[in-house]
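Peer 1: The sequence and its predicted three-dimensional model are supplied below.
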Amino acid sequence: MTRRGAAVIVGIFSMGLIILSVLNVGHWLSAPGNVPIKGDIIVALGGGSIERVQSALKLYREGYAKRILITGLNRTTGIATNHYLHWESRILIDGGVPPEALLFDDQSGNSHDEASNTAGLMKTRQWKTALVISDPPHLRRLDMVWGPACAQHGLEYRLIATEPLTWNTSGWWRDKVWLKFVGMELLKLSYYAIAY
């Protein structure tokens, strides 16, 4: 075989690997997802859509935990806010969750903060297991930060994927919303790998 022929074969093989990687990135990003188990707290992460809160409500109704932590609430500088006025808590309360079962995190600015702050709360309250809810392509990065945050305090976490109707692990690039989400996740994963 000539050098040129070998280069063509290597090029085709490389392109095949790249295409295969792109096609499977949806599976890879969502792979850390688990089935729920009984826990101490359900954590509905901020920054997402209604599916995170709906999943938290479903888990609560099914008896997986007696408390729900809502993270990512917008901070309002200099003004006392009533967390019960947020749309997330309204959905949960209207769905039958008593207000005393709700906790709020308005201090976290990103996924790393949410993991650290929740692990600190769990340690203080002597809770052992958190059910962490987010969108499927967000789970890989969450696993990267929740693992160390919980291990530091001997805690357990389970990542629970929402079930958005438009998410497709094998064809995520066909939907503009998921195309953007996955692209941002890949960038954030690179940043988190360096920063944390």
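Peer 2: On my side now, so go ahead.
Peer 1: Mind checking what helix or strand follows whichever strand or helix holds residue 122 in sequence?
Peer 2: Here residue 122 is covered by helix 111-125, with elements defined by DSSP states H and E. Next along the chain after helix 111-125, taking DSSP H and E as the criterion, comes strand 129-134.
Peer 1: For that following strand, which outside residues touch it?
Peer 2: Outside of strand 129-134, the residues within contact range by Cβ atoms under 8 Å, 6 or more residues apart in numbering are 36-45, 48, 52, 55-56, 59, 64-65, 118, 122, 142, 146, 150, 155-162. The C-beta positions use only the backbone N, C-alpha and C, and glycine is treated the same way.
Peer 1: Let's see that with 6 Å instead.
Peer 2: Under the criterion Cβ atoms under 6 Å, 6 or more residues apart in numbering, residues 36, 39-45, 52, 55-56, 64, 142, 156-160 lie in contact with strand 129-134.
Peer 1: quick one: least confident helix or strand in the protein?
Peer 2: Scoring the helices and strands of the chain by mean pLDDT, DSSP states H and E places helix 3-30 at the bottom, with a mean of 62.
Peer 1: next structured bit after it?
Peer 2: The C-terminal neighbour of helix 3-30 among helices and strands, as given by DSSP H and E, is strand 41-44.
Peer 1: Let me see the mean pLDDT of that next one.
Peer 2: Taken as a whole, strand 41-44 has an average pLDDT of 98.
Peer 1: Next: stretch 86-106.
Peer 2: So the average pLDDT for stretch 86-106 ends up being 93.
Peer 1: Could you work out the end-to-end span of that stretch for me?
Peer 2: Using Cα to Cα, to the nearest Å, one end of stretch 86-106 lies 11 Å from the other.
Peer 1: Now find how far off-centre that stretch is within its chain.
Peer 2: Relative to its chain's centre, stretch 86-106 lies at 19 Å (Cα atoms, centre = their mean, to the nearest Å).
Peer 1: List the buried residues in it.
Peer 2: Residues of stretch 86-106 classed as buried under the neighbour-count rule (16 or more other Cβ atoms under 10 Å) are 86, 88-89, 91-92, 97, 101-106.
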